[in-house]
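Novice: Kindly generate the corresponding structure for this input.
(chains A and B)
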Amino acid sequence: MKESQRNLHNKKEEITMNITQSQVKDVIKDPERLQEIVALDLFSEEVKNVLDDVTQKAAERFNLPIGLVSLVLDEAQFWASKFGIDEGWMSESLGTDVEWSFCQYAVKENKPFVVENALENDLVKDSPLVENEGIRCYAGIPMITSKGQTIGSFCVVGPEERSFSEEDLNDLRELANEAVLRIERRAGRDV
Amino acid sequence: MFVDNGINKSTDNLNIDSSMYNISPPTAKDAYNAIVKIIGEAQAKEAWMQACTACRLTKAPQNLMELKNVLQAISSKNTLASVPATSLLIKIRSYEGITKKSA
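Specialist: Okay, the predicted model is just below:
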């Protein structure tokens, strides 16, 4: 294993060890964080229109079927943009219970959250999204606004095990930054 | 009291096999408490009552359809209350979706 890969692996283990469900709940229910989602009017249909090409670009860059802007709310994740989920119940629900989500961990830790094989990850292996929907790999970057609030995760998702390099995460981070920039500019912020 | 009336009643016509993932769908009480947790008791009570009135309910939601309508009414306004309301709507829809798929 290369040094950079080993470092990345260690970082991921550290994140896993640091997270407990109760800690996650505290952060995701923070009213100031949720108020930022309201201030940016993120439930508007227009938001989807400014983000769809970014999530598509992410999925294509990683050769994965799904790219998402997932806003992590208090009880659910809401997909403000979803590339690759065009049919089935997830397309209609526009999100899932937050307890099932991978994105909650990126928000809680304010760090990239990477899952190479969901079946072997204690945080997510019991999620219905793994058992029922077949999700196996995930990489998500926290979306942090200019006000310092983490509103959600910009992520790519796939049905097969795979690894993500540092370069991959840097590329994903650039796309996440682009998504946040578009969201804030749409809301009239001078960023 | 208007808000308390029936709020403990489970929306038991939600036809979901909750044993599958050791989960249970939100009840009207769960929904109300989730909103309280984010915006506080006074504002939650006001938002809840306004939504019930808009949905022409004289007491708290008694079934899933009524609960969805109340949550939809709250979520349609761009206020902090819209966050837990939207959350709960997604939560209900995801329970319904995963259960239908598993059936």
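
Novice: residues contacting the residue nearest to residue A:50 when sequence neighbours are not counted?
Specialist: What sits nearest to residue A:50 in space, not counting adjacent residues and going by Cβ to Cβ, 6 or more residues apart in numbering or on different chains, is residue A:182, at 4.7 Å. (C-beta placed from N, C-alpha, C; glycine too.) Residue A:182 sits next to A:50-51, A:54 when contact means Cβ atoms under 8 Å, 6 or more residues apart in numbering or on different chains.

Novice: any idea which residue sits dead centre in the chain?
Specialist: Reading this off chain A. Closest residue to the average C-alpha location of chain A: residue A:153 at 2.8 Å, with Cα atoms, centre = their mean.

Novice: Actually, chain B is the one I wanted.
Specialist: Closest-to-mean residue, chain B, Cα atoms, centre = their mean: residue B:31 / 4.0 Å.

Novice: could you check whether the helix or strand in which it is found is close to chain A?
Specialist: Using DSSP states H and E, residue B:31 falls within helix B:28-39. Yes: contact between helix B:28-39 and chain A, assessed by Cβ under 8 Å from any Cβ of the partner chain, occurs at B:34, B:37-39.

Novice: C-terminal to that helix, which secondary structure element comes first?
Specialist: helix B:41-54.

Novice: Generate a PyMOL selection restricted to the buried subset of the residues of helix B:28-39 next to chain A.
Specialist: Typed into PyMOL, the next command selects the buried ones out of these (criterion: 16 or more other Cβ atoms under 10 Å in any protein chain shown):
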select buried, chain B and resi 34+38+39
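
Novice: interface residues of chain B facing chain A?
Specialist: Counting by Cβ under 8 Å from any Cβ, the residues of chain B near chain A are B:20-21, B:23, B:26, B:34, B:37-39, B:75, B:78-80, B:82-84, B:86-88, B:90-91, B:93-98, B:100-102.

Novice: Any of those buried? List them.
Specialist: Buried among the residues of chain B next to chain A (16+ other Cβ under 10 Å): B:21, B:23, B:26, B:34, B:38-39, B:75, B:80, B:82-84, B:86-88, B:90-91, B:93-98.

Novice: ok, which stretches of chain A are strands?
Specialist: A:66-72, A:76-83, A:95-97, A:113-115, A:137-144, A:150-158 (DSSP state E).

Novice: As JSON lines, those strands with mean pLDDT and distance to residue B:54 would be great.
Specialist: As requested, those are exported to JSON lines (pLDDT from 0 to 100; distance: least, Cβ to Cβ, whole Å):
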{"stretch": "strand A:66-72", "mean pLDDT": "98", "distance to residue B:54": "25"}
{"stretch": "strand A:76-83", "mean pLDDT": "97", "distance to residue B:54": "22"}
{"stretch": "strand A:95-97", "mean pLDDT": "95", "distance to residue B:54": "24"}
{"stretch": "strand A:113-115", "mean pLDDT": "98", "distance to residue B:54": "39"}
{"stretch": "strand A:137-144", "mean pLDDT": "98", "distance to residue B:54": "33"}
{"stretch": "strand A:150-158", "mean pLDDT": "98", "distance to residue B:54": "28"}
